[in-house]
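> Got a predicted structure here, sequence first:
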Amino acid sequence: MKRQVLFILLLVNFGAANMYSQKTSLAKAEKKYDNYAYVDAIKIYETIAKKGYKDEKMFQRLGNAYYFNSEFEKAEGAYRELFTMNPEQKEEYYYRYAQSLKSVGKYTEAEQMMVKFNEKSGNDKRAVLFKDNRNYLEVIKMNSKRFYIEDAGINSEYSDYGSSMVGNKLVFATTRDTGGIVKRRHKWNNKAFSNLYDSEVQQDFDAVLGKPSKFSKEVNTKFHESTPVFTKDGKTMYFTRNNFNRGRQGENRFDVVLLKIYRATLEGDKWSNVTELPFDNDEYSCAHPALSADERTLYFASDMPGSFGESDLYKVAINEDGSFGTPVNLGPSINTPGKESFPYVTDEDELYFASDGHPGLGGLDIFVAKIRKDGVFRNIQNLGQPLNSRKDDFAYLLDTKTRTGYFTSNREGGKGFDDIYKFTELRKLNCEQILEGIVTDSESNQPIADAQVVLYDSEMEKITTVNTDSEGKYSFGPVDCDSKYYIRADKTDYETNETPFLAPKQNGNTYLPLTLKKRIVKIEPGIDLADRGVLDIPTIYFNLDKWNIRKDAAFELEKVLAVMNQYPTMKIDVRSHTDSRATHKYNMALSEKRAKSTIEWLVKNGIDASRLTGRGYGETQLVNKCADGVKCTEAEHQMNRRSQFIVVEF
């Protein structure tokens, strides 16, 4: 009996000791994780998990540690265990699990997880992109098979990534030979810090690369250096480095050393004057610089305050004296709540970048966006396979003349953790339609010369304006395939004609004839420009409790703008109205703001303020039954939130 009691006590003590040991190890792992020492945290988590210990927070962090280090296969296993334990998780875990599933080729499961992510976070940009692009795999398939890819010939068993050209040399980052007998290692992934190396191109841009050698001892330090970019004359470089300069290390308030962008100049054959850029900060990272073709704009990645996600793309003006403007976020068309990084801009007004927020194959994919003359980005496309894979693909570099270049990937079959690959683009991604046509009179069928024809994108943003020639012909030149546009034709004494247009999916030419109808109602004092037979425009609407000009409102205001430009002596009175909800006093003030914002928009777009008057009428001139206390639909209330344009002098 005594032996039995002793045995039970030993078991209890052993269990208690084991539990205490696990809690101690778990606390140690938590500390490692919180200090971004993910590899060390993983080792402890794995040891605890192998002993059968089940803890939801532990598997959350184990999955994250794998995910942040791009070990997606292991992340998929950890997240699977997490969702088995509890299928109700915070929204970000659904997204990371979906990305991990993609990286192991489980696209059906990934889509199911994205559906749940969408349900959890309907307003997340990534959820919206998924919802709007459910056929993204088909689109990627259409964009695929356009590249021939091969090993660049300079890779090591370590990490090689982020290349740039200067003269006849390829400069890149590598973790090979970065230290003495004892290598300094980055605690995030337990890999050595990277330095810059260069390799001479033996013939052309796409030819054989020579043996790599260290780039510059003036630039390389004991911490990270990576992703350089050079001016065309080769005398100025921008590059990424940890917060370390002139022997001094900087840390944020959590004692973490972040990334900064530095500039250096070439004096003789040595790089000197290494200085951090003025918008760098100890509390956030700036990294991966890229120059515009005219070298007046620097693009980069950052998680500075105001970012949409984990890292966003920004641009900043480079002034003639070498100073910098204020960084500007590239906006929600490019940036998502995920990661956007490694920008590259070509002389063809294209922005290439890596993202895990836009629909892709898994990990980081490389995307391209057209840069319009007004700086707006459009037609964002995935570059497809084999350039993109189920792993991380990034740091795209292209010679637009030879259509050859380099990119980095940690895909299977590589020599090291990250490898640089050389590619040849076999055909361009761009699918274009040449859009042209003729404008004629609807009654006489005669061509109309000097008619104004405006092209808008699907978001009703103006792209360009042309005028018809003496034969009534117009041409917008190339537009993107499989894209929606709006085309508007205007001419004095004619009604405006608007036509939606969906460009075909294949390269080719589209001939789009337009007709204009003579204006029925004569413009004279007292006429409302919005009436049928005058400009035939819908009323300018406003959102509930708002007075800012919506995109669709700006689209209609363009018509008012056009007719005022046609008749330079015309003066109009802007009359704004509200619905009956809220108090009379509040509605009167709101309508005054709406009238003011409408006038301000017209003045901003070139109309002299002396030609405009306006006031608000609140809810005093309702167009339907929807007065106080009357039950109405939202559409009925919307009819009262409007502006009118009454001609007072002509």
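Ah, there it is.

> what helix or strand is the closest residue in space to residue 194 that isn't next to it in sequence on?
Using C-beta to C-beta, 6 or more residues apart in numbering and skipping the chain neighbours, the partner closest in space to residue 194 is residue 173 (4.2 Å). For glycine as for every other residue, the C-beta is placed from the backbone atoms N, C-alpha and C. Per DSSP states H and E, residue 173 falls inside strand 169-174.

> For the stretch 401-550 of the chain, give me the ranges with low pLDDT.
In the predicted model of the stretch 401-550 of the chain, residues 520-521, 532-550 satisfy pLDDT under 70.

> cool, and the chain?
Checking the chain against pLDDT under 70 turns up 1-22, 122, 178-192, 203-207, 243-257, 520-521, 532-550, 552.

> Find the residue at the geometric middle of it.
In the chain, the centroid-proximal residue (C-alpha atoms, centre = their mean) is residue 334; its distance is 1.3 Å.

> Residue 91 contacts residue 114, correct?
No: using C-beta atoms under 8 Å, residue 91 is not in contact with residue 114, being 11.2 Å away.

> Which stretches in the stretch 251-400 of the chain count as strands?
Using DSSP state E, counting those that start in this stretch, the strands of the stretch 251-400 of the chain run over 259-267, 270-276, 286-291, 297-302, 312-317, 328-329, 340-345, 350-355, 365-371, 377-382, 393-399.

> Check which element follows the strand or helix carrying residue 79 along the chain.
Taking DSSP H and E as the definition, residue 79 sits inside helix 72-85. Next helix or strand after helix 72-85 toward the C-terminus (DSSP H and E): helix 91-103.

> Give me the buried positions along the next helix or strand after that following helix.
Where DSSP H and E defines the elements, the next helix or strand beyond helix 91-103 is helix 107-120. Neighbour counts over helix 107-120 (16 or more other C-beta atoms under 10 Å) mark 107, 109, 110, 111, 113, 114, 115, 116, 117, 118, 120 as buried.

> what's the closest non-adjacent residue to the third one?
Using C-beta to C-beta, 6+ apart and skipping the chain neighbours, the partner closest in space to residue 110 is residue 101 (3.8 Å).

> Contact partners for that neighbour?
If a contact means C-beta atoms under 8 Å, 6 or more residues apart in numbering, then residue 101 has 76, 107, 109, 110, 113, 362 as its contacts.

> The residue nearest to the centre of the chain contacts residue 377, correct?
Yes: the pair residue 334 / residue 377 is scored as a contact, 5.4 Å apart, by C-beta under 8 Å.

> so what's in contact with those two at the same time?
Counting by C-beta under 8 Å, 6+ apart, the common neighbours of residue 334 and residue 377 are 351, 369.

> quick one, helices of the stretch 451-600 of the chain?
Applying DSSP state H, counting those that start in this stretch to the stretch 451-600 of the chain gives helices spanning 551-566, 584-604.

> Would it be right to say that residue 423 lies in a strand?
Yes: with DSSP: H, G, I helix; E, B strand; the rest coil as the criterion, residue 423 is part of a strand.

> beta partners for it?
Taking DSSP bridges as the rule, residue 423 bridges to residue 149, residue 405.

> residue contacts, it?
Contacts for residue 423 (C-beta under 8 Å, 6+ apart) come out as 147, 148, 149, 150, 387, 404, 405, 406, 407.

> do you know how far it is from residue 352?
In this view, residue 423 and residue 352 are 12 Å apart by C-beta to C-beta, to the nearest Å.

> Now residue 414. Nearest residue, chain neighbours left out?
Nearest to residue 414 is residue 155, by C-beta to C-beta, 6+ apart, at 7.0 Å.

> check contacts around the one you found.
If you count contacts by C-beta under 8 Å, 6+ apart, residue 155 has them with 414, 415, 416, 419, 420.

> so can I have JSON lines of those residues showing secondary structure?
Shown next, in JSON lines, are these (three-state DSSP):
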{"residue": "414", "secondary structure": "coil"}
{"residue": "415", "secondary structure": "coil"}
{"residue": "416", "secondary structure": "coil"}
{"residue": "419", "secondary structure": "strand"}
{"residue": "420", "secondary structure": "strand"}
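
> Return the closest of those with respect to residue 315.
Minimum distance to residue 315 across the contacts of residue 155 is 25.7 Å, recorded for residue 420 (C-beta to C-beta).

> burial of the closest one, as a residue count?
By the measure other C-beta atoms under 10 Å, the count of residues near residue 420 is 28.

> Quick check: it vs residue 163, distance?
Applying C-beta to C-beta, the value for residue 420 to residue 163 is 6 Å.

> Break this protein into its domains for me.
25-134, 147-425, 432-516, 551-649 (automatic domain parsing).

> Can you check which of the ones you listed gets nearest to residue 523?
From these, taking C-beta to C-beta, the stretch that ends up closest is domain 551-649, at 6.2 Å.

> Reduced to three states, what does residue 54 come out as?
Each residue gets one of three states, and residue 54 gets coil by three-state DSSP.

> Tell me how far it lies from residue 85.
Going from residue 54 to residue 85 by C-beta to C-beta gives 6 Å.

> The two: which is more packed in?
Higher neighbour count among residue 54 and residue 85: residue 85, with 14 against 11, using other C-beta under 10 Å.

> give the contact list for the more buried one.
With contacts defined as C-beta under 8 Å, 6+ apart, residue 85 is in contact with 54, 56, 59.

> now do residue 339
Counting by C-beta under 8 Å, 6+ apart, residue 339 makes contact with 309, 310, 311, 354, 355, 356, 357, 364.

> Please pick the buried ones from those.
309, 310, 311, 354, 355, 356, 357, 364.

> Pick the one among those closest to residue 439.
residue 355 (41.1 Å).

> what's the distance between the residue nearest to that closest one when sequence neighbours are not counted and residue 367?
If the residues on either side of it in the chain are set aside, residue 355 comes closest to residue 340, at 4.7 Å by C-beta to C-beta, 6+ apart. In this view, residue 340 and residue 367 are 9 Å apart by C-beta to C-beta.

> And the two? Which one has more around it.
residue 340 (26 against 22).

> pretty sure that one contacts residue 303?
No: with contact defined as C-beta under 8 Å, residue 340 does not reach residue 303; the gap is 10.5 Å.

> hey, what's in contact with both of these two?
Counting by C-beta under 8 Å, 6+ apart, the common neighbours of residue 340 and residue 303 are 311, 312.

> show me the contacts for residue 89.
Here residue 89 is in contact with 60, 82, 83 (criterion: C-beta under 8 Å, 6+ apart).

> Just name the closest of those to residue 600, please.
Relative to residue 600, the closest of those is residue 60; by C-beta to C-beta it sits at 49.9 Å.

> So the closest one sits against residue 93, correct?
Yes: under the criterion of C-beta under 8 Å, residue 60 makes contact with residue 93 at 6.7 Å.

> okay, and the common contacts of the two?
By C-beta under 8 Å, 6+ apart, residue 60 and residue 93 have these common neighbours: residue 82.

> What about residue 212, how many residues nearby?
By the criterion of other C-beta under 10 Å, residue 212 has 22 neighbours.

> ok, now which ones touch it?
By C-beta under 8 Å, 6+ apart, the contact list for residue 212 reads 154, 172, 174, 197, 198, 199.

> Would you quantify the distance from the closest residue to residue 150 other than its chain neighbours to residue 640?
Distance criterion C-beta to C-beta, 6+ apart; nearest residue to residue 150, sequence neighbours excluded, is residue 422 at 5.5 Å. From residue 422 across to residue 640, the span is 63 Å (C-beta to C-beta).

> thinking again about what came up before, of all the domains of the chain, which one comes closest to residue 530?
domain 551-649 (6.0 Å).

> Please state the offset of the closest one from the chain centre?
Computed by C-alpha atoms, centre = their mean, to the nearest Å, the chain-centroid distance of domain 551-649 equals 34 Å.

> what do you get for stretch 341-354?
Computed by C-alpha atoms, centre = their mean, the chain-centroid distance of stretch 341-354 equals 11 Å.
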